[in-house]
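> Build me a model:
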Amino acid sequence: MKTNTNYTFRIIIEPDEGGAFHGYVPALSGCHTFGATIEETRKNLKDAISIYVSSLVADGEYVPQDKSFESFETVTKKELETVYA
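Modelled structure (predicted):
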């Protein structure tokens, strides 16, 4: 692995049952973790990403790049009324 290589990935953290949090990396299939807090989940995700990417590099495999685009869309009450009218 090049020492100057940086990888940036989008992470998703969602509330889970029992007050915990589930985190995952959409670009890295199967890269999931959890934590008791958002910060713990974020730290666990960083560790999981490091292990995942290190393994790919060590095996000479391609490291997926996260080129996704994320956006939010709001649907107004008026728009909903026209759909169900």
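
> Name whatever forms a beta bridge with Pro15.
Phe21 (DSSP bridges).

> Check the gap between it and Glu79 for me.
27 Å (C-beta to C-beta, to the nearest Å). From N, CA and C alone the C-beta is placed, and that goes for glycine too.

> What of Tyr62?
Look at Tyr62 and Glu79: by C-beta to C-beta, they are 42 Å apart.

> so where do the strands sit in the protein?
For the chain, the strands defined by DSSP state E occupy 12-15, 21-24, 32-35.

> ok, and which of the ones you listed has the densest surroundings?
Scoring those by mean neighbour count under mean count of other C-beta atoms under 10 Å gives strand 21-24 as the most buried, with a mean of 20.

> list the helices and strands it packs on?
Helices and strands touching strand 21-24, as assessed by 3 or more C-beta pairs under 8 Å, 6 or more residues apart in numbering; DSSP states H and E, comprise strand 12-15, strand 32-35, helix 38-58.
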